[in-house]
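> Sharing a model prediction with you, sequence too.
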Amino acid sequence: MKFFLKKFLDLIPTLLGISLICFFMIRLIPGDPVLNLVGERGVDPTRYLEMKKSLGLDLPIIEQFWHFLKAALQGNLGTSIVSNNSVWAEFMERFPATVELGMVGLFFATLIGIPLGIYAAIKRNSFFDYFLMSTSLVGYSMPIFWWGLILILIFSVKLGLTPVSGRIDLTFDIPLFSGLYLIDTLQVSVIKAEGFKPFWSAISHLILPATALGTIPLAVIARMTRSSMLEVLGEDYIRTARAKGIKKSRIISIHALRNALIPIVTTLALLFGSIITGAILTETIFSWPGIGKWIVQSITARDYPVIQGGVLIISFIIIMTNIFVDIIYYFLNPKMRN
Amino acid sequence: MKIFFSELYFELKKNRGAMTGVIIIILSLVIAIFAPLLAPHNPTEIFSDSLRLPPVFVSGGKPGFFFGTDDIGRDLLSRLIYGSRISLSVGFSVVVLSLITGTFLGVMAGFYGGLLDRIIMRLTDLIMSLPSILFAIVIVAVLGPGITNSIVAVSIVAVPNFIRIIRAQVMVEKNRQYVFAAKLFGAGNFRLMFVEILPNCIAPLIVQASLGFSDGILNVAALGFLGLGAQAPMSEWGTMLSDARSYIESSPWMVTLPGICILVTVLSFNLLGDGLRDALDPRLKKQN
Amino acid sequence: MSNNLLEIKDLNIFFKSDKNPDPIHAVRDLSFSLKQGEMLGVVGESGSGKSITNLALMGILGDSAIVRAEQCSLNNRELLNLKEHEWQKVRGGEISMIFQDPMTALNPFLTVEYQIVETILAHLNISKGEAKNKAIELLLQVGITSPKDRLKSYPFELSGGMAQRVMIAMAISTSPKLLIADEPTTALDVTIQKQILTLIKSLQEKNNMSVILVTHDLGVVSEFSERVQVMYAGELVETGRTSEIIKNPKHPYTFGLLSSRPGAVTRPAKTPLASIPGIVPAFHQRPAGCQFNPRCIHVLEDCKLGKIPIEHFVRCLHPMKETIV
């Protein structure tokens, strides 16, 4: 219990720091913040003062930060200059798309990467091992913004197998339930009206971006699993298990994999951050309407409240995930429980 | 120190991957240095009669434009050759900036501990809690787009890696006998930190520097691709890719080539970094 | 056909390596046998090939090893021809092994109960509940009080001595015919060492089990086992009854081992303890002739040539005649 309490207390300075960065971001941009906010559109003097007041920019800086914090805690992250919608609403609208893309990408990376890594570790120094290690290093070095374009070039342009952009064919009208199209297209009402066509459409839209996004995690997971397995397989207790006459499959699944999983779980947590990085690039390439594309667009449009609020939410999510991983770690490793 | 490097070279020579990396790095260095001699054209020169020409070996290509031309008629090969100058110097600047800052902060944190350590570590936690590209985007959003600003942004993102590695190493080394000995001989803190301790932390630094090179190149190219890095008419590979996106159907070579250049350069530094790690990690050595 | 439990004739172990084209010859022409219920001490420095031999007997040397022997049989059953699934029945079932460091030899992420029960279930056809009861019984047998609580422990919650007792309980859980104890007390406190060895000895006598006790301490052997064999650089150099060898070591290496023990040789006060100069040669630097000749103080020219045969239980051309009092 103390462990969790300490973890959560450790959060406070990090979260405070993130809020400070987001808060000062707008104020550090050279030029007048109000003029930065309205951009090249120009503003008359009364409107200028009005805006300055409504943004709280006339108050002392400490007070401004306090107001910012209070508002953020209440979920009020300001409004977008471009759309005039609240930042929170814009985020919630796009977040499921990123979750769907990220989860599917990471899911397949894990599903394929772990067995490949295990097999390479067992067949150490074999041709397969060398092949996998070289391919995964290429995958790890992949500029995914280029890799996505190449996937489009091959599968959409040349082979015509998959659509180039978006989440689903616009001809389908899907009532939103979870925001995840892979689930929503399987609602009874949708299947009654359109059959499985919307579902396949969602999959065919998802497959390329998820591949592009999952490539680096796949490479990292395969390499990490291999080295972690190799380390564990060299441990004394594996020799003991063999000397006890335990079956090889059992040695690998019970004695080795479980212990090797701990660093793999940590890697997965670190990958969560890189999924967001990947989402920024992948979503831009595939016009995937998620938070990555949203952030990039708002930077091009100099929509500062959106950048500010978006960064705050994303970092909050990542920090929370890391805590979650620490908790899993705690349950995986009996030594931690003492 | 001399022995250290000759031993390192000996270990590296046995690693085929690392040697491949070294060869590619040397080759791209040569290309970058001798770009004016190697490039058939000026990278910004516009041939308005030769827009989006395919490479020579494809039907429709024109001799003189080996890899074809881009959307406003610039020679692609020349732009790629000059691009290696930008990418290598970008990688170098990022590594130097983040290495110096990170090493300094890491040594201070590890050596003094206490409040200073706590502050520095909180800062690294902060930077690391944000995805690298996102953080770099935020910095560029504040500083404004451009190659210099993106180098600064990517360097800041890379600093925590160096801090953590150095700090951990310094905390081990500072309790060694030789440090006490130097202290007895009256060495000041500055001397202890940077003359006595730092040279013994060099192994992980070298590995991280090599990996930092590839990360730096990749991240600056990504910023370029998002339109936040190098601006036209600079022939930075990421920016070139971003310009070429609209022509993916009609002129696929414009998309394919810059990406291959990024991939090969990044891969070569990762190969070297991996090899260095294997050569320097005593635990791995024992396993073999 | 012999009535020995274990019969080894001309065992040779090689290791393939990437660096050397020729495989490394780690163990040479090793022959020995063991009767049911007998304890055999094996003595030698690290690098003498004793641990490798044990792992070969268990069939867990790994892919880079080549094991050849004219005979290597347990109860007249040839071991080297076994298929993997047959090996699995032998390991832990007929031959069990305990290791040097019990703290690393037990899986840190599994409870004591899991690890013992798993062993029992791999070899005996009984239910999980019965296996658990058996585990409790075994822990009592090896002298662990409140065995029910200990079953729930993780290895890192045990002391070294306790962990080694758990290892022993696990090893005897399937009533093996042969127990290989590979330096079972090296990693433990001196006070615990004797307790563990006494436990092994009593279990050996009670279960009529054969034991190979590997150690680098001749003193331990002299106290616990009737018979001893001394190994050096992958070869058997001397073998015989312990009491005999302790008094009359014939091989200069055995002599050296014995006289390097405190109090072994009467010597003038304040002279340093005798020691054997040098170290065991590395696998790829083995000398010609007698393996011990570079370190031997009685070396003669003929020691440096050819292969030295084992004669009258000693592999030496010029056996020693001195006695140790």
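Structure's in. What do you need?

> Please count neighbours and contacts with C-alpha atoms only from this point.
OK.

> Get me the contact residues on chain C for chain A.
C:58, C:60, C:87-93, C:96-99, C:104-107, C:109, C:119, C:122-123, C:154, C:156, C:171 (CA under 8 Å from any CA of the partner chain).

> if you set the cut-off to 6 Å instead, what comes out?
C:88, C:91-92, C:104-107 (CA under 6 Å from any CA of the partner chain).

> Reformat those as a markdown table; add neighbour count and distance to A:Val82.
Output for the residues of chain C next to chain A, formatted as a markdown table (neighbours: other CA atoms under 10 Å in any protein chain shown; distance: CA to CA, whole Å):
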| residue | neighbour count | distance to A:Val82 |
| --- | --- | --- |
| C:Gln88 | 23 | 70 |
| C:Arg91 | 23 | 72 |
| C:Gly92 | 32 | 72 |
| C:Thr104 | 18 | 62 |
| C:Ala105 | 21 | 64 |
| C:Leu106 | 27 | 63 |
| C:Asn107 | 24 | 59 |
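
> Adding pLDDT, secondary structure and distance to B:Leu12, write those out as CSV.
What follows is the residues of chain C next to chain A, written out as CSV (pLDDT from 0 to 100; DSSP: H, G, I helix; E, B strand; the rest coil; distance: CA to CA, whole Å):
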residue, pLDDT, secondary structure, distance to B:Leu12
C:Gln88, 90, helix, 41
C:Arg91, 91, strand, 41
C:Gly92, 90, coil, 43
C:Thr104, 91, helix, 32
C:Ala105, 93, helix, 34
C:Leu106, 93, coil, 36
C:Asn107, 92, coil, 35
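
> Show me the two of these that sit farthest apart.
C:Gln88 and C:Thr104 (21.8 Å; CA to CA).

> any low-confidence regions in the stretch 51-200 of chain B?
Within the stretch 51-200 of chain B, not a single segment meets pLDDT under 70.

> Indicate the residue of it located nearest to chain C.
In the stretch 51-200 of chain B, the residue found nearest to chain C is B:Val172; the distance is 24.4 Å by CA to the nearest CA.

> Tell me if the helix or strand where that residue lies is near chain A.
B:Val172 belongs to helix B:147-173 when assigned by DSSP states H and E. No: counting by CA under 6 Å from any CA, no contacts exist between helix B:147-173 and chain A, the nearest distance being 12.7 Å.

> So which bits of the stretch 151-300 of chain A are right by chain C?
Checking the stretch 151-300 of chain A against chain C by CA under 6 Å from any CA, the hits are A:236-237, A:240, A:243-245.

> Next, format these as JSON lines and append pLDDT.
Formatted as JSON lines, those follow (pLDDT from 0 to 100):
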{"residue": "A:Asp236", "pLDDT": "91"}
{"residue": "A:Tyr237", "pLDDT": "93"}
{"residue": "A:Thr240", "pLDDT": "93"}
{"residue": "A:Ala243", "pLDDT": "92"}
{"residue": "A:Lys244", "pLDDT": "92"}
{"residue": "A:Gly245", "pLDDT": "90"}
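
> ok, of those, which come out buried?
Listed as buried from those are A:236-237, A:240, A:243-245; burial here means 16 or more other CA atoms under 10 Å in any protein chain shown.

> Can you flag which of those residues belong to strands?
Counting by DSSP state E, no part of those is found in strands.

> which one of the residues you listed sits closest to B:Ile197?
When those are compared against B:Ile197 (criterion: CA to CA), the nearest one is A:Asp236, at 34.5 Å.

> what about that closest one, distance to C:Pro102?
Shown here: A:Asp236 relative to C:Pro102, a distance of 9 Å by CA to CA, to the nearest Å.

> count of residues packed around the residue in the stretch 201-325 of chain C that chain A sits nearest to?
Among the residues of the stretch 201-325 of chain C, C:Ile212 lies closest to chain A, at 15.0 Å counting by CA to the nearest CA. By other CA atoms under 10 Å in any protein chain shown, 20 other residues sit near C:Ile212.

> what bridges to it?
Beta-bridge partners recorded for C:Ile212 (DSSP bridges): C:Leu40, C:Ile180.
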